[in-house]
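Trainee: kindly generate the corresponding structure for this input.
(one chain, ligands or ions: 1)
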Amino acid sequence: MSLEDQTCVVTGASRGIGRGIAEEFGRCGANVVVNYRSSEAAAHEVVDSIEDEGGEAIAVQADVADYDAVAAMTETTHDAFGPADVLVNNAGLTVDRTFENMSREDWERVIDVNLGGVYNCTHCLFDDITDAEHGRLINISSVVGQQGNYGQANYATTKSGLFGFTRTIALELARTDSTANCVAPGFVETDMLDEVSEEVKEKILDRIPLNRFAEVEDVSGIVRFVASEESSYMTGQILAVNGGMEW
Ligand code: NAP
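Mentor: Just a heads-up that it's a prediction; the model follows:
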């Protein structure tokens, strides 16, 4: 599954799932844009690790919730590697509260990044993806968007919102042979899961038939397939990567 000479933008690639995807793309020969918001040193480490394995990458700072910053990232991408072929909307955050304790600010912060960021990045790179030979839009959703999750009304709303967005963009891209798909991981061993208490983690594990949390590699391999030419006849889909959880 070569991504030779493909320009791939991965948002939120300084750590966690985004880092794993960026490194996987690098190994497949892509030119990788490693986006980050605040973890500059970590993003440069990702670039170094891609280059150490013979790949090409640049780190680009941009808060995906800021349209102008994303427009500037698009220009930097064009200057370094030309138009993008693949966009992975991975950047995301959680601000967990039960709904009765959720302020308007808690709600908006998550919507602004997890959905507003997806608008900004997709809008800025839309022409690139439609013009690409095998353009790929890949949105990282979550099993929480499918099932809901206690204390995550804001987050679940953004992650299920991606389903309607993906299916609609898939229709709008179809005439160009480019595709849009969602990858919906279950619970993955990253900093995001570290925020969950051990007690809640035990309860989550009981709901996972494979009886383990996902490793980043469980997700990045699927994303690599979706980004590749081999997935050309698949669009508008939700790929659940969740250890067998029902939804
Ligand atoms: P993570 O370890 O917390 O990493 C989040 C990444 O997103 C970091 O690189 C962070 O950059 C970046 N980011 C956050 N806000 C940003 C912004 N406004 N602009 C640009 N970058 C931003 O998270 P993760 O677990 O890898 O999750 C990645 C994606 O997978 C998210 O969309 C999440 O919802 C989804 N997901 C995660 C899980 C899970 O269990 N971990 C399960 C299902 C889905 P900085 O470090 O520079 O701030």
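
Trainee: show me what from the chain comes close to the ligand.
Mentor: 11-18, 35-39, 63-65, 90-93, 113, 117, 140, 142, 185, 187-188, 190-193 (CB under 6 Å from any ligand atom). Backbone N, C-alpha and C define where each C-beta goes, glycine included.

Trainee: any of those residues buried? List them.
Mentor: 11-18, 35-37, 39, 63-65, 90-93, 113, 117, 140, 142, 185, 187-188, 190, 192 (16 or more other CB atoms under 10 Å).

Trainee: who's in contact with the residue nearest to the spatial centre of the chain?
Mentor: Geometric centre of the chain, nearest residue: N90, 1.9 Å, by CA atoms, centre = their mean. Going by CB atoms under 8 Å, 6 or more residues apart in numbering, N90 touches V10, T11, G12, A13, I17, G18, I21, I140.

Trainee: switch to 6 Å and redo it
Mentor: V10, T11, G12, G18, I140 (CB atoms under 6 Å, 6 or more residues apart in numbering).

Trainee: so V219 sits right up against A184, yeah?
Mentor: No: between V219 and A184 there is no contact under CB atoms under 6 Å: 9.7 Å.

Trainee: would you confirm that L239 contacts V183?
Mentor: Yes: under the criterion of CB under 6 Å, L239 makes contact with V183 at 4.9 Å.

Trainee: which one's more surrounded, those two?
Mentor: V183 (26 against 19; other CB atoms under 10 Å).

Trainee: element containing the more buried one?
Mentor: strand 179-185 (DSSP states H and E).

Trainee: could you check the angle strand 179-185 makes with the longest helix belonging to the chain?
Mentor: Of all segments of type helix in the chain, defined using DSSP state H, the longest is helix 153-173. Between helix 153-173 and strand 179-185, the angle comes out at 160 degrees (axes from the mean of the first three to the mean of the last three CA atoms, to 10 degrees).

Trainee: just to check, A184 is in contact with A240?
Mentor: Yes: using CB under 6 Å, A184 is in contact with A240, at 5.1 Å.

Trainee: then stretch 232-247 to CSV, C-alphas only?
Mentor: Output in CSV follows, covering the C-alpha atoms of stretch 232-247 (Å, rounded to 0.1, in the frame of the first residue of the first chain):
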residue,chain,number,x,y,z
SER,A,232,-10.8,3.4,-4.2
TYR,A,233,-14.3,1.9,-4.3
MET,A,234,-15.1,2.6,-0.6
THR,A,235,-16.7,6.0,0.2
GLY,A,236,-19.1,7.5,2.8
GLN,A,237,-18.3,4.6,5.2
ILE,A,238,-17.7,4.3,8.9
LEU,A,239,-15.0,1.9,9.7
ALA,A,240,-15.4,0.7,13.3
VAL,A,241,-12.1,-0.2,14.9
ASN,A,242,-13.3,-1.0,18.4
GLY,A,243,-12.4,-4.6,19.5
GLY,A,244,-15.9,-5.8,18.7
MET,A,245,-18.1,-3.3,20.6
GLU,A,246,-21.7,-3.2,19.5
TRP,A,247,-23.2,0.0,18.2
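
Trainee: buried ones in that stretch?
Mentor: T235, G236, Q237, I238, L239, A240, V241, N242, G243, M245.
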